[in-house]
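[1] Just a sequence and a predicted model for now, questions to come.
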Amino acid sequence: MTAHEFEIAFVIETVEADDPRIDRAMEALPGTTISGALGLTIATTLVDAHSAIEAGLHAAKELAAADLAPLRTYPDLVSRQDIADRVGMSRQAVGNWVRGERHNAKPFPVPVTLVAGGAWLWASVVRWIEETGAAELNESALPTLADHCVLDTMMRQGLSRFNVFTLPVGEPRFTAPEVAVTVHSDDAYVAMGSIDTYTLAA
């Protein structure tokens, strides 16, 4: 399994720009940025790892060690205009993608929410663009919606319960008492049987 640079964002408590905890977080996680708007403070991290879960768990633990414990992950949701701005195309062109009027052999991702005409997970849009060649992008690897769900569940259950191991595909990668996350492919994480067991299913 090849390591990639993953970009994963978390919601953290509100902090002042000169808070020393920010420096500690940036020292542990180089490339981290802290931003805030409308009452949300977001820590965006860059981590080299074999999977988004491995990257997210490492980043979350380092933020917690810096006393900036993440409250949850922050899915990067984008509107049609956001997509157009990021890929350098018109909103109309993106609308054609959404309606299936271009690249109809590969349907455009389903939106995460229908608010304001639809909002999509940027990671899903990036994957679609890369698979169809609809535009040129140079993005870090990004967590899927399933990755966000698993990471949020891990944070609710307590980060200290989980450890990160670099093991072959098919072997437990994240373990804790009564918890095992098994890696089978890069597609989607599915809760199997118990909320304490996660399996990466094709």
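    In hand now; what should we look at?

[2] Counting neighbours, what do you get for N138?
    Neighbours of N138 under the rule other CB atoms under 10 Å: 4. Any C-beta I mention is one placed from the backbone N, CA and C, and that applies to glycine too.

[3] let me redo that: E101
    E101 is flanked by 11 other residues according to other CB under 10 Å.

[4] just for this structure, where's the confidence low?
    Low-confidence regions of the chain, defined here as pLDDT under 70, cover residues 1, 103-104, 164-202.

[5] Let me see the domain layout of it.
    Annotated domains of the chain cover 4-75, 77-132 [the TED database].

[6] Now do the strands in the protein.
    Assignment of strands within the chain using DSSP state E yields the ranges 4-12, 33-37, 40-49, 72-73, 77-78, 120-121, 163-164, 172-176, 179-182, 188-191, 197-201.

[7] Show me what counts as buried in the second one.
    Taking 16 or more other CB atoms under 10 Å as the basis for neighbour counts, the residues of strand 33-37 that come out buried are I34.

[8] Which neighbouring elements make contact with it?
    Strand 33-37 makes packing contacts with strand 40-49 when contacts are defined by 3 or more CB pairs under 8 Å, 6 or more residues apart in numbering; DSSP states H and E.

[9] Point out the other helices and strands that the strand it packs on packs with.
    With contacts defined as 3+ CB pairs under 8 Å, 6+ apart, the secondary structure elements packing on strand 40-49 are strand 4-12, strand 33-37, helix 52-65.

[10] angle of it against strand 4-12?
    Relative orientation of strand 40-49 with respect to strand 4-12: 160 degrees, computed using axes from the mean of the first three to the mean of the last three CA atoms, to 10 degrees.

[11] Quick check: the residue positioned nearest the centre of the chain vs I83, distance?
    Of all residues in the chain, the one closest to the mean position by CA atoms, centre = their mean is P143, 2.8 Å from it. Relative to I83, P143 is positioned 18 Å away (criterion: CB to CB, to the nearest Å).

[12] okay but the residue nearest to the centre of the chain is in contact with F10, surely?
    No. Look at P143 against F10 with CB atoms under 8 Å: they stay out of range, at 10.9 Å.

[13] how deep is V125 tucked in, by neighbour count?
    A total of 25 residues lie near V125 under the criterion other CB under 10 Å.

[14] Good, wrapping up.
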